[in-house]
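Peer 1: With the input below, show me the fold.
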Amino acid sequence: METNNKRGFIFKQYEAPYVSPFDKLFEIFTELITHTSGDLDEALDWLRQLDKEYKLTDENYTIDDFIEDLKKKGYIKDETKDDGSGGLKITAKTERSIRQQALNQIFGNLNRSGSGNHKTKHSGSGDEHTGEFREYHFGDGLDRIALTESLKNAQVNNGVDRFMLTENDLVVEDSHHKSQMSTVLMIDISHSMILYGEDRITPAKKVAMALAELITTRYPKDTLDILVFGNDAWPIAIKDLPYLQVGPFHTNTVAGLQLAMDMLRRKRNTNKQIFMITDGKPSCVKEKDGSYYMNSNGLDEYIVDQCYSMASQARKLHIPITTFMIANDPYLQRFVNQFTEANQGKAFYTGLKGLGEMIFEDYETNRKKRVK
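Peer 2: So this is what the prediction gives:
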């Protein structure tokens, strides 16, 4: 008896995959930690307010249950404050989760093409296979011999009755050198980054955290250094990014560029670049005697000329500068155009939306070419 197996489609109402109450709250929690610059008490207060307004929890799982789970899972821990009182603080595990979430939010929006392994056009004894073969040369490592292709050559050249493998039968698979990149990310922390009713520092932090997570997980041979610049410039560690805050500072772009180039001079990689995120004009330089020259009114010729000089120096050192200007004032765009021309770098005029995607795409593009 024949059995007819019919195939078809069954349509039913979409059911969202199950997400535990902890995971639902944790995603909101890490977002709040970023916005509060690592202030755990404030983030938890915000979470409680959101719970009251949007009913995030129920009697089966409360905010207090969530806090206990955070402790058990190692995301927060008890601490003794300077005044002797007790409190809670986030751990390195939370910092890593925040970076991973930033990476998912930004990198997940990109349309990826290919496997993401980028190479230079230079062929040789690299570490990325091309699928093409060439004759074995003295000095090629034994681990690079294509065994199957070499055995095939031995059978063709010497016959199958009496197997013999000679040096002339050996072939190796060609490869490319993977390009390594040393990047310095400059973040403007002048007061204007929180002025005009717009939080600009939080998206900048998210981009930095996502870029750091991308490089450490996908391109571990690359390096990323992060510095902030206000009246002065100083480096910060990746783990400190969630706690980054804007200060009552002017914008000393020159100090930031000087520090960035000092960092890159110590790198052995051939490929070096500077990414600069800023929303304002340069308004401050530090004089040789240690005093500060400041002028927030328009573009000060004395200050911008020093910026152009730094751009030219970076060009001589083969360090391209990519500026991400998150302001749209025409006179500032003219300054950035001249700055970019002096460096022969690139400039993007963008708002906060799409900033992360732009930086990621540019980073990937730059890795595909070898900067000489």
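Peer 1: quick one: low-confidence ranges for the stretch 51-200 of the chain?
Peer 2: The stretch 51-200 of the chain contains residues with pLDDT under 70 at 107-132, 139, 174-179.
Peer 1: show me where it has helices.
Peer 2: Using DSSP state H, counting those that start in this stretch, the helices of the stretch 51-200 of the chain run over 63-72, 92-107, 147-158.
Peer 1: Which one of the ones you listed lies nearest to Leu44?
Peer 2: Taking C-beta to C-beta, helix 63-72 is the member of the helices of the stretch 51-200 of the chain nearest to Leu44, at 7.0 Å. Every residue, glycine included, has its C-beta placed from N, CA and C.
Peer 1: outside of the closest one, which residues touch it?
Peer 2: The contact list for helix 63-72 (C-beta atoms under 8 Å, 6 or more residues apart in numbering) reads 21-22, 25-26, 29, 44, 47-48, 51, 56-57, 76-78, 88.
Peer 1: If you count neighbours, what's buried in it?
Peer 2: By 16 or more other C-beta atoms under 10 Å, the buried positions in helix 63-72 come out as 63, 66-67, 69-70.
Peer 1: nearest to Phe229, of these?
Peer 2: Nearest to Phe229, judged by C-beta to C-beta, of those is Leu70 at 34.2 Å.
Peer 1: mind listing what the residue nearest to the spatial centre of the chain touches?
Peer 2: For the chain, Leu211 is the residue whose C-alpha lies nearest the centre (C-alpha atoms, centre = their mean; 0.8 Å). Shown in contact with Leu211 (C-beta under 8 Å, 6+ apart): 183, 185, 224, 359-360, 363.
Peer 1: my guess is Phe336 is in a helix, correct?
Peer 2: Residue 336: Val, not Phe. Yes: Val336 sits within a helix when classified using DSSP: H, G, I helix; E, B strand; the rest coil.
Peer 1: what helix or strand is Val27 on?
Peer 2: Careful, residue 27 is Glu and not Val. Assigned by DSSP states H and E, Glu27 falls within helix 21-35.
Peer 1: and stretch 63-77, C-alpha only, in CSV?
Peer 2: C-alpha atoms of stretch 63-77 as CSV (Å, rounded to 0.1, in the frame of the first residue of the first chain):
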residue,chain,number,x,y,z
ILE,A,63,13.7,44.0,41.3
ASP,A,64,15.1,42.7,44.7
ASP,A,65,15.3,39.2,43.2
PHE,A,66,17.1,40.6,40.2
ILE,A,67,19.7,42.4,42.5
GLU,A,68,20.3,39.1,44.4
ASP,A,69,20.8,37.3,41.1
LEU,A,70,23.3,40.0,40.0
LYS,A,71,25.3,39.2,43.2
LYS,A,72,25.1,35.4,42.7
LYS,A,73,26.2,35.6,39.1
GLY,A,74,29.1,37.9,39.9
TYR,A,75,27.9,41.1,38.2
ILE,A,76,27.9,43.2,41.3
LYS,A,77,29.6,42.9,44.7
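Peer 1: Having no further points to raise, I will conclude here.
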